[in-house]
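J.: next comes the sequence, and after it the predicted model I'd like to discuss.
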Amino acid sequence: MDKFVVHGGNPLRGSLRISGSKNSALPILAATLLTPEPCIIHNVPNLSDIRYMLQILQHLGAEVTFENGTVRVCAANIHSETSYDLVRKMRASICVLGPLLARLGRATISLPGGCVIGDRPIDLHLKGLETLGAQIEVEEGNVIASAPRLIGSEVFLGGKFGSTVLGTDNIMMAATRAKGVTIIESAACEPEVRDLAEFLIKMGAKIQGQGTRRIEIEGVDFLRGVEHHVIPDRIEAGTFMVGALISGGDLRLTHLAPEHLGAVTNALKQAGAEIKIEGNEMQIRATGPLKSIEVITETYPGFPTDMQAQFCALMSVVPGISVIAEKVFPNRFMHLSELKRMGAKIDLEGSTAIIHGVDHLGGAPVMASDLRASAALVLAGLVAKGVTTVNRVYHIDRGYEKIDEKLRSVGAVIERQKE
Ligand code: EPU
């Protein structure tokens, strides 16, 4: 297992290119199962989660290559049973369920297991597919779904914690080949859902309302192979925005989609950041001391839960009291105890972190618990006095392409060591 050794106190300065979005690429790769024709997907980040998804596609019988950010998939001859060993490695593997059911009329997929960011049920995915006429049984840890032909219907996808991103993806993909019209109410509006819809539309799907709470899909008989560019990763961009500020640096981020970062940009401006946007580039720095803020995570276009941990790290060293409430995954706070080991003063009340900004953090050995928590610890290491060792960086490799190399290229002192 690799670890990162970070020497704090070096401002990030220079230019960073933002990679393609992991959370967009994963369902788009699953959607290639909907057609027997070849698909070409560009701007795919080289991450372990992406490689797991490619292994799942290969296991299902698809021919797959991945070179220089471009994936070629041909799912001409596929079967419907996934392997537990592959599926258990990544929760997003659930998004092959909809495409398999639509294309083959059946799918067997292991139920995803527990997750450190909290309980992550798939009840809404299953309820949605049942509404389209699928028969679903859960046996020996597997979901077994069958439907000779899915039938379009009205599907309500709102849950206790708002809409569901992968649930919306799954139902949208299943509905592309259903008989008749499906209407998804309380759909997720995330840019990644929209990107998937654009991909499906190129394939010949009839979809309207993507990016809104109500998506309408008219089923078609055949989807064709297409070529697509994945959108930029808004969470990687947001993480580097926080990196610029926490280190007292000045970064130019290129190849990003600033329009997907409204809530993050707004919160950082409130905290006192200077942010200039020109086309698909952003310059970000702090011109004076930052101010404490209040943030609530919500579904898009609200503030993303995937940026909550990084904001906790930043606000740990901003004077005053910041309040960060988590509404999407109420237990997603594993990073707080690690930040506290570095000297942060944070109280957790329910699902709200109350952060008393301290003068400085101190380097310490810390343990990454999930992807975004790991990113938060690396960010904290950039500003901490002394050396921070972040263990278990395989979490960060799931979702940040070459983060150590990218950070080094803008002045961070960070080294990957084999444990
Ligand atoms: N939920 C249910 N029932 C369901 C599905 C979800 O109750 O059937 C609940 C969840 O427990 C959670 C809320 O609804 O409280 C939202 O979960 P959602 O389904 O939207 O999450 P997801 O689709 O499984 C994606 C991202 C996550 C991101 C969330 C929220 C991918 C591959 N994953 O997960 O990304 O946090 O949306 O925006 O797109 C990450 O990249 O680090 C990551 C965890």
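T.: Perfect, I can see it now.

J.: make it CA atoms for all contacts and neighbour counts henceforth
T.: Fine.

J.: for stretch 314-331, buried residues please.
T.: If you call a residue buried by 16 or more other C-alpha atoms under 10 Å, then stretch 314-331 has these buried ones: 314-319, 321-330.

J.: try stretch 187-202
T.: In stretch 187-202, counting by 16+ other C-alpha under 10 Å, buried: 187-202.

J.: just the buried residues of stretch 314-331: which are in helices?
T.: The members of the buried residues of stretch 314-331 that map onto helices under DSSP state H are 314-316.

J.: for those residues, give me CSV that also has distance to the ligand.
T.: As requested, these are exported to CSV (distance: C-alpha to the nearest ligand atom, whole Å):
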residue, distance to the ligand
Leu314, 18
Met315, 20
Ser316, 21
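
J.: tell me the pLDDT of Leu111.
T.: On the pLDDT scale, Leu111 is placed at 82.

J.: neighbours around it, how many?
T.: Neighbours of Leu111 under the rule other C-alpha atoms under 10 Å: 21.

J.: from the buried residues of stretch 314-331, which ones fall inside strands?
T.: 321-325 (DSSP state E).

J.: mind picking the one among those that's closest to the ligand?
T.: Among those, Ala325 lies closest to the ligand (C-alpha to the nearest ligand atom), at 13.5 Å.

J.: got a list of what that closest one touches?
T.: Residues counted as contacts of Ala325 (C-alpha atoms under 8 Å, 6 or more residues apart in numbering) are 295-297, 351-353.

J.: residues in contact with the lowest-mean-pLDDT helix or strand in the chain?
T.: Lowest by mean pLDDT, DSSP states H and E among the helices and strands of the chain is helix 84-87, with a mean of 84. Residues external to helix 84-87 that are found in contact with it (C-alpha under 8 Å, 6+ apart): 52, 55-56, 93-94, 109-110, 112.

J.: could these be laid out in CSV, adding distance to the ligand and neighbour count?
T.: Shown next, in CSV, are the contacts of helix 84-87 (distance: C-alpha to the nearest ligand atom, whole Å; neighbours: other C-alpha atoms under 10 Å):
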residue, distance to the ligand, neighbour count
Tyr52, 12, 19
Gln55, 16, 17
Ile56, 15, 22
Ser93, 8, 25
Ile94, 9, 23
Ile109, 15, 24
Ser110, 15, 22
Pro112, 10, 21
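
J.: show me these that map onto strands.
T.: 109-110.

J.: can you tell me which of the contacts of Ala325 is nearest the ligand?
T.: For these, the nearest to the ligand is Thr297 (9.3 Å; C-alpha to the nearest ligand atom).

J.: ok, the closest one touching Pro304?
T.: Yes - taking contacts as C-alpha atoms under 8 Å, Thr297 lies within contact range of Pro304: 5.4 Å.

J.: C-alpha coordinates for stretch 258-276, CSV please?
T.: The C-alpha coordinates for stretch 258-276 follow below in CSV (Å, rounded to 0.1, in the frame of the first residue of the first chain):
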residue,chain,number,x,y,z
PRO,A,258,-16.6,26.8,-14.4
GLU,A,259,-20.4,26.7,-14.9
HIS,A,260,-20.5,23.4,-12.9
LEU,A,261,-18.7,25.0,-10.0
GLY,A,262,-21.2,27.7,-9.1
ALA,A,263,-21.8,26.7,-5.4
VAL,A,264,-18.1,26.0,-4.7
THR,A,265,-17.0,29.3,-6.4
ASN,A,266,-19.7,31.2,-4.5
ALA,A,267,-18.6,29.7,-1.1
LEU,A,268,-14.9,30.4,-1.7
LYS,A,269,-15.7,34.0,-2.8
GLN,A,270,-17.6,34.5,0.4
ALA,A,271,-14.6,33.3,2.2
GLY,A,272,-12.6,36.0,0.5
ALA,A,273,-11.0,34.2,-2.5
GLU,A,274,-10.3,36.1,-5.7
ILE,A,275,-11.6,34.0,-8.6
LYS,A,276,-11.3,35.1,-12.2
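
J.: does that stretch reach the ligand?
T.: No - Stretch 258-276 stays clear of the ligand (C-alpha under 6 Å from any ligand atom), getting no nearer than 12.9 Å.
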